[in-house]
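Asker: Compute the structure for the input listed below.
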Amino acid sequence: MLSDEPHPADPHAAESLPDRFCAVRRLTERLAAPLSAEDQVVQSMPDASPTAWHRAHTTWFFETFVLQRYVDGYEVVDPSYGFLFNSYYEAVGPRQPRPRRGMITRPGVDAITTYRDEIDRRVLDLLSGPYDSAAVPILTLGLHHEQQHQELLLMDIKHALAQNPTRPSYSPRPHQPAADPAPAAWVAFDGGRHCIGHAGPGFAFDNEGPVHEVLVRPFALADRPVTCGEWLAFMADGGYGRAELWLSDGLYAVQECGWDAPSYWDRVGDEWWVQTLTGFRPVDPAEPVCHVSLYEADAHAR
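Answerer: Numbering: from 1, shown residues only. Predicted coordinates:
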């Protein structure tokens with residue numbers, strides 16, 4: 001079946017697929033723009049990936065799963081990219097181990113830019129005329145996949161820049177203090193049997209379905225996030241040293257890793273400061289706390 005219209009299941013059906021494609025692809029490049037070539041190839045831990053790898057991998061996805069499938073006689077830009085930029089697609093073939101993605105200094109940043117431009121051109125050529133409608137859900141998946149990598153790009157470069165003792169920022173800007181929140185209140189929810197999971201039109205990842213029934217116990221949630229000020233109070237009350245608050249694996253992590261504050265917090269004199277994408281600054285007591293593990297959150301809740 002041939003089509004040149006957005007798929008009816010596409011939540012952005014009012015926006016043409018080429019426009020949607022261009023918007024997502026441009027955003028990735030805008031997110032990478034503040035970074036030097038050196039910034040883009042560093043891998044600060046095994047669970048992170050370099051910015052250059054994110055840019056190439058998302059491009060490889062469109063080349064492999066869209067262009068190779070739906071363009072007759074398609075020839076790949078570079079056969080080695082299938083090994084370098086595959087992530088976990090076992091059926092496609094072997095790949096560079098994730099902890100060693102930082103070793104991929106070639107192709108360089110400029111070559112990856114050229115690769116992105118070329119694949120963008122070829123995808124837009126495909127979309128400029130009649131094409132197999134089976135390509136649309138794959139393209140839609142690729143766009144959501146790239147948006148996931150946009151989040152990862154920021155998360156990973158934040159960790160990388162935080163390893164630099166000069167504390168560089170990704171995008172410097174003045175901090176706007178958060179408004180003081182009202183005292184937290186509790187909102188109760190009834191338990192019972194509930195259906196969860198994706199249903200109906202619109203995009204969803206495969207792990208968001210199918211709809212299924214679960215038994216939920218009655219519970220309550222605070223009506224706002226825990227603040228940094230409340231976390232500071234937890235720390236001042238000896239929270240990281242009170243064994244009775246911690247799950248056993250969490251207490252082991254505290255002792256093994258030396259946790260005494262959320263990630264990216266450091267003591268400067270008598271104050272706690274935090275490394276953010278916009279700079280290194282004092283912790284704002286009114287803003288929500290972030291970069292805490294499940295174990296820390298559990299101990300704080302107790």
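Asker: quick one: contacts for the nearest residue to Asp120 once chain neighbours are set aside?
Answerer: What sits nearest to Asp120 in space, not counting adjacent residues and going by Cβ to Cβ, 6 or more residues apart in numbering, is Arg25, at 5.7 Å. All C-beta spots, glycine's among them, are computed from the backbone N, C-alpha and C. Arg25 makes contact with 116, 120, 146, according to Cβ atoms under 8 Å, 6 or more residues apart in numbering.
Asker: To which secondary structure element is the first one assigned?
Answerer: Right, Arg116. Assigning secondary structure by DSSP states H and E places Arg116 in helix 109-127.
Asker: Give me the buried positions along that helix.
Answerer: Buried residues in helix 109-127, counting neighbours by 16 or more other Cβ atoms under 10 Å, are found at 109, 112-113, 115-116, 119-120, 122-123, 126-127.
Asker: My guess is His149 contacts Val24. True?
Answerer: No. Checked against Cβ atoms under 8 Å, the pair His149 and Val24 is beyond contact range at 10.1 Å.
Asker: The two: which is more packed in?
Answerer: Neighbours were counted for His149 and for Val24 using other Cβ atoms under 10 Å; His149 has more, 21 against 18.
Asker: circling back: let me see the mean pLDDT of the helix holding Arg116.
Answerer: Mean per-residue pLDDT for helix 109-127: 98.
Asker: who's in contact with it?
Answerer: Residues from elsewhere that reach helix 109-127, judged by Cβ under 8 Å, 6+ apart: 4, 17-18, 21-22, 25, 29, 37, 40-41, 52, 55-56, 59, 62-63, 66-67, 70-71, 77-78, 81, 107, 135, 139.
Asker: Restricted to helices, list the residues you listed.
Answerer: Under the assignment DSSP state H, the contacts of helix 109-127 contribute 17-18, 21-22, 25, 29, 37, 40-41, 52, 55-56, 59, 62, 70, 81, 135, 139 to helices.
Asker: and Pro183, how many neighbours does it have?
Answerer: Pro183 is flanked by 6 other residues according to other Cβ under 10 Å.
Asker: backbone phi and psi for it, please?
Answerer: Main-chain dihedrals, Pro183, degrees, to the nearest 10: phi -50, psi 140.
Asker: Over to the one 10 residues further on?
Answerer: Listed backbone geometry of Arg193 is phi -90, psi 130, with angles given as degrees, to the nearest 10.
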